[in-house]
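Peer 1: sequence? don't have it. structure:
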Ligand code: GLA
């Protein structure tokens with residue numbers, strides 16, 4: 001007990017210099033000052049969302065070499081590899097123990113016979129095989145000393161064996177050693193870093209009290225942002241990044257953050273890794289799909305090339321998404337494509353029926369997901385049962401998905417306005433599942449079956465004849481500072497009954513912080529953008545005291561109508577709007593208060609690589625002061 005307490009204090013003390021450092025650097029810099037820099041993550045190799053296979057959904061910890069190589073072989077043989085599925089990821093369950101005292105990790109030899117090379121334990125033969133097949137290899141670890149299965153699958157026969165110290169197979173205290181082992185010695189290309197070790201091993205936890213595991217003070221709390229220690233979590237990812245740079249200097253790696261939407265990761269995950277989980281685990285149930293989809297669908301401005309939202313792996317192949325549920329399986333795939341989610345199949349591909357392989361292999365839907373512009377879809381219509389999502393593609397076309405969440409068929413009206421196309425010019429649609437073509441002018445009525453997602457590529461005449469609305473290009477807009485001072489759970493996420501503990505307890509509470517974040521074509525709280533009564537169907541909604549970074553793709557002019565949004569409850573404080581190009585002030589508004597009409601700003605952004613939009617106020621309570629960048633457009 002005394003030992004545990006000493007350890008607990010040691011870890012707390014270890015955090016103190018860190019916290020001071022974070023506080024000091026914060027005081028020294030003005031977060032709204034222009035940086036002329038894109039601050040979201042661009043290290044690693046994720047210019048488009050990663051695609052591949054992961055062992056977790058099909059096998060949990062019951063993994064072995066045959067299962068992994070069998071799925072890899074099918075990915076190649078079925079033609080999926082050629083369509084972009086490249087990463088073969090070993091999730092939790094591979095580790096036997098950590099050697100004491102040298103700290104070397106040992107792979108389960110019975111499950112991975114090729115890892116036994118003389119006296120050594122190495123994944124090199126397996127990664128060599130995967131690489132020889134033209135694939136990439138991924139591994140799993142944890143921010144803490146222990147993993148998620150050790151916390152939540154205590155009955156599993158597949159857990160690490162040995163003494164308390166030998167069973168500590170997570171990264172905590174071993175970041176440099178393990179990252180070097182995974183990337184330099186074993187030659188992996190991908191790492192998923194889970195967070196259970198920083199969540200589930202508090203001193204009062206039964207597993208800790210019984211002496212099975214050492215205590216590590218929880219700094220991640222899925223249910224409470226205020227109980228999470230965000231700088232402590234970020235600090236570990238900083239160290240992991242430094243180790244990746246050292247051990248994979250060619251930059252050919254991919255870092256997957258798995259803290260399930262906790263600790264306000266929506267706001268900062270995009271600065272620390274290539275993909276970042278937005279919610280707890282997906283399950284093969286329709287309700288859980290809704291929860292995971294909702295956790296990402298209003299985060300369109302928080303995903304970009306190099307830093308994608310991750311609503312978790314695909315569960316096509318099981319339960320509500322098996323071969324008896326092709327409508328649901330196609331919906332799952334279409335929606336993940338529109339969200340720019342990683343397309344990681346989680347099925348046992350050795351036995352996956354052709355009908356489901358055909359879903360994974362739909363090249364037109366894959367092309368939507370892999371579109372080089374990297375724009376996550378934006379909600380163009382949003383009710384509880386029907387949503388219309390529109391994704392701007394690089395060649396000027398739109399992808400549009402009409403999603404029926406419920407149990408009754410819906411006749412949905414898709415309009416040219418939803419697509420930001422002119423209503424007096426024809427729009428052509430290509431159905432990406434049936435391949436049927438059609439066209440309409442102004443509007444068309446689509447029948448959408450229960451749980452169906454109809455997905456099309458649309459071609460038409462743009463409402464904005466020249467250039468782009470910023471809200472059409474979320475992949476190029478980064479809310480570097482989104483003004484959120486008090487992170488709050490997003491109440492619009494469907495809270496499915498989760499099932500780890502049946503329906504014991506009080507049910508799912510609103511969990512994933514994100515409410516009040518920056519939005520495309522919407523205020524931070526989901527209303528129509530409106531300044532002094534004038535609505536803006538296109539624009540960016542964000543809180544005051546915020547800074548947006550915009551990548552400029554050869555535009556010469558930025559034009560926008562700025563003002564405090566009518567939804568603001570703060571009617572007293574003024575906001576000044578500023579536009580910078582590569583750090584130079586290009587345009588500024590007068591101080592604007594609630595109720596004042598919008599002010600038009602235009603800025604000559606020719607030649608500027610990074611344009612920044614700053615909304616500054618003396619107000620402290622930004623949550624009361626949403627502002628609108630109405631009709632913001634980058635034009636030639
Ligand atoms: C967590 C993650 C899952 C999976 C398991 C492994 O629950 O969210 O995706 O990696 O851990 O134990």
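Peer 2: That came through fine. Since the model is a prediction, treat every value here as computed from it, not as a measurement.

Peer 1: domain map for the protein?
Peer 2: The chain is divided into the following domains under automatic domain parsing: 378-459, 468-635.

Peer 1: quick one: end-to-end length of the last one, please.
Peer 2: With CA to CA, to the nearest Å as the measure, the first residue of domain 468-635 is 6 Å from its last.

Peer 1: quick one: residues contacting the residue most central in space within the chain.
Peer 2: With distances taken as CA atoms, centre = their mean, residue 309 lies nearest the centre of the chain, 1.4 Å away. Residues in contact with residue 309 (CB atoms under 8 Å, 6 or more residues apart in numbering) are 275, 276, 278, 296, 299, 302, 303, 339, 340, 341, 376. To be clear about C-beta, it is placed using only N, CA and C from the backbone, and glycine gets the same treatment.

Peer 1: could these be laid out in a markdown table, adding pLDDT?
Peer 2: A markdown table is the format used below for these (pLDDT from 0 to 100):
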| residue | pLDDT |
| --- | --- |
| 275 | 98 |
| 276 | 98 |
| 278 | 98 |
| 296 | 98 |
| 299 | 98 |
| 302 | 98 |
| 303 | 98 |
| 339 | 99 |
| 340 | 99 |
| 341 | 99 |
| 376 | 99 |
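
Peer 1: now, those residues that are in strands?
Peer 2: 275, 276 (DSSP state E).

Peer 1: wait, doesn't residue 239 sit right on residue 177?
Peer 2: No. Applying CB atoms under 8 Å, one finds residue 239 not in contact with residue 177, separated by 11.7 Å.

Peer 1: residue contacts, residue 194?
Peer 2: Counting by CB under 8 Å, 6+ apart, residue 194 touches 92, 140, 141, 142, 143, 147, 148, 258.

Peer 1: all helices for this structure, in order.
Peer 2: 2-28, 56-59, 65-77, 124-132, 148-152, 175-179, 206-209, 230-247, 265-268, 286-297, 326-338, 354-360, 363-369 (DSSP state H).

Peer 1: thinking again about what came up before, and the furthest pair within the contacts of residue 194?
Peer 2: 92 and 143 (13.3 Å; CB to CB).

Peer 1: can you give me the neighbour number for residue 368?
Peer 2: 24 (other CB atoms under 10 Å).

Peer 1: who's in contact with it?
Peer 2: Residue 368 touches 337, 338, 391, 393, 399, 432, 455, 457, counting by CB under 8 Å, 6+ apart.

Peer 1: quick one: which of the residues you listed sit in strands?
Peer 2: 391, 399, 455, 457.

Peer 1: which among these count as buried?
Peer 2: Neighbour counting with 16 or more other CB atoms under 10 Å marks 391, 399, 455, 457 as buried within those.

Peer 1: got those as TSV, with pLDDT columns?
Peer 2: What follows is these, written out as TSV (pLDDT from 0 to 100):
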residue	pLDDT
391	98
399	99
455	99
457	98
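
Peer 1: so which of the contacts of residue 368 is the closest to the ligand?
Peer 2: residue 337 (20.0 Å; CB to the nearest ligand atom).

Peer 1: my read: that closest one touches residue 369, true?
Peer 2: Yes. Between residue 337 and residue 369 there is a contact under CB under 8 Å: 3.9 Å.

Peer 1: those two: who's more crowded?
Peer 2: Set side by side, residue 337 and residue 369 show more neighbours around residue 337, with 27 against 22, by other CB under 10 Å.

Peer 1: pLDDT score for that one?
Peer 2: For residue 337, the pLDDT comes out at 99.

Peer 1: let me know how buried the closest residue to residue 182 other than its chain neighbours is, in neighbour terms.
Peer 2: Here the nearest residue to residue 182 in space, its sequence neighbours aside, is residue 188; by CB to CB, 6 or more residues apart in numbering that works out to 4.8 Å. Look at residue 188: counted by other CB under 10 Å, it has 26 neighbours.

Peer 1: just residue 621 next, same as before
Peer 2: Neighbour tally, residue 621, other CB under 10 Å: 15.

Peer 1: what separation is there between residue 229 and residue 223?
Peer 2: Per CB to CB, to the nearest Å, residue 229 is found 15 Å from residue 223.

Peer 1: the more surrounded of those two?
Peer 2: Here residue 229 and residue 223 are compared on neighbour count by other CB under 10 Å; more neighbours surround residue 229, at 19 against 12.

Peer 1: for that one, phi and psi?
Peer 2: Torsion angles at residue 229 (phi, psi; degrees, to the nearest 10) stand at phi -100, psi 90.

Peer 1: that one reaches residue 235, doesn't it?
Peer 2: No. Taking CB under 8 Å as the definition, residue 229 is not a contact partner of residue 235, at 9.4 Å.

Peer 1: circling back to that earlier point, ok, which of the helices of the chain comes nearest residue 594?
Peer 2: Among those, helix 265-268 comes nearest to residue 594, with 25.4 Å by CB to CB.

Peer 1: average pLDDT across the closest one?
Peer 2: Mean predicted lDDT for helix 265-268 stands at 98.

Peer 1: which strands and helices sit next to it?
Peer 2: strand 513-515 (3 or more CB pairs under 8 Å, 6 or more residues apart in numbering; DSSP states H and E).

Peer 1: before we move on, back to that, and among the domains of the chain, the most buried is which?
Peer 2: Ranked by mean neighbour count under mean count of other CB atoms under 10 Å, those are led by domain 468-635, which reaches a mean of 20.

Peer 1: so is it next to the ligand?
Peer 2: No. On the criterion CB under 6 Å from any ligand atom, domain 468-635 is out of touch with the ligand, staying 9.5 Å away.

Peer 1: what about that domain, distance to the chain center?
Peer 2: 19 Å (CA atoms, centre = their mean, to the nearest Å).

Peer 1: do the same with stretch 95-103
Peer 2: 32 Å.

Peer 1: list the buried residues for that stretch?
Peer 2: So, applying 16+ other CB under 10 Å, buried residues of stretch 95-103: 95, 96, 97, 98.

Peer 1: I figured the third one hits residue 162, correct?
Peer 2: Yes. Because the distance of 4.3 Å satisfies CB under 8 Å, residue 97 is recorded as touching residue 162.

Peer 1: residue 486 and residue 624 touch, don't they?
Peer 2: No. Residue 486 is beyond contact range of residue 624, at 10.9 Å (criterion: CB under 8 Å).

Peer 1: looking at the helices of the chain, which is closest to residue 448?
Peer 2: helix 326-338 (10.0 Å).

Peer 1: re the thing from before, now the contacts of residue 368 as CSV including distance to residue 314?
Peer 2: Formatted as CSV, the contacts of residue 368 follow (distance: CB to CB, whole Å):
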residue, distance to residue 314
337, 10
338, 13
391, 18
393, 22
399, 18
432, 17
455, 15
457, 21
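
Peer 1: got the contact list for the residue nearest to residue 446 when sequence neighbours are not counted?
Peer 2: The shortest distance from residue 446 to any non-neighbouring residue, by CB to CB, 6+ apart, is to residue 412 (5.0 Å). For residue 412, the contact set (CB under 8 Å, 6+ apart) comprises 386, 388, 402, 404, 445, 446, 447, 448.
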